[in-house]
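> structure here, sequence nowhere to be found:
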């Protein structure tokens with residue numbers, strides 16, 4: 001069984017969530033725990049709509065994860081939403097939750113591949129179900145002169 005899926009990296013935290021200086025001094029394990037918790041929160045919204053674990057996802061999901069993780073990190077570390085610039089941490093968190101609610105309600109369709117659309121590690125036309133029927137049942141195109149599909153005698 002595979003381990004947990006993390007929807008963003010520690011680099012994503014500074015790309016989508018907060019300046020690198022704000023994370024200075026935080027233990028890398030603590031960063032990973034926050035990303036893990038944010039990923040689990042995302043799964044709690046996606047679970048109703050998708051087969052988990054996700055196989056691939058786009059930057060939309062990574063950005064949501066980073067914003068949730070940054071909020072958790074800064075809440076534990078301490079921040080003042082009334083201080084200029086720091087209100088963005090709370091606003092980003094609120095926006096991320098709203099985005100998850102829109103995904104759950106099927107009003108937004110994120111760029112992702114879930115476990116049901118991925119067979120043998122591949123997605124696309126080759127991973128979709130195909131139907132093959134036996135000619136003896138009459139589901140073929142038939143040939144000229146020998147009858148067409150669904151031909152036969154009734155008994």
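Yep, it's here. Since this is a predicted model, take the numbers as computed values, not measurements.
> how near is the residue nearest to residue 58 when sequence neighbours are not counted to residue 66?
By the measure of C-beta to C-beta, 6 or more residues apart in numbering, the closest residue to residue 58 outside its immediate chain neighbours is residue 111, 3.1 Å from it. C-beta coordinates here come from the backbone N, C-alpha and C atoms, glycine included. Between residue 111 and residue 66 the distance is 16 Å, computed by C-beta to C-beta, to the nearest Å.
> looking at these two, which one has more neighbours?
residue 66 (28 against 10; other C-beta atoms under 10 Å).
> what pLDDT does the residue nearest to residue 58 get?
As predicted, residue 111 sits at a pLDDT of 94.
> surely it and residue 57 touch.
Yes. Contact criterion C-beta atoms under 8 Å: residue 111 and residue 57 qualify, at 6.7 Å.
> in this structure, what spans have low per-residue confidence?
1-2, 118-155 (pLDDT under 70).
> please enumerate the strands of it.
In the chain, the strands defined using DSSP state E lie at 56-57, 112-113.
> out of these, which is closest to residue 76?
strand 56-57 (25.7 Å; C-beta to C-beta).
> strands paired with that closest one, and their directions?
As defined by DSSP bridges, the strand partners of strand 56-57 come to strand 112-113 (antiparallel).
> what separation do you get for residue 75 and residue 107?
Remark: distance between residue 75 and residue 107 (C-beta to C-beta) = 28 Å.
> for stretch 45-60, which positions count as buried?
45, 46, 50, 54, 55, 57 (16 or more other C-beta atoms under 10 Å).
> got it, and stretch 19-33?
Burial within stretch 19-33, assessed by neighbour count using 16+ other C-beta under 10 Å, is assigned to 22, 23, 26, 31.
> can you put these in JSON lines and add distance to residue 4?
Formatted as JSON lines, the buried residues of stretch 19-33 follow (distance: C-beta to C-beta, whole Å):
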{"residue": "22", "distance to residue 4": "25"}
{"residue": "23", "distance to residue 4": "21"}
{"residue": "26", "distance to residue 4": "20"}
{"residue": "31", "distance to residue 4": "15"}
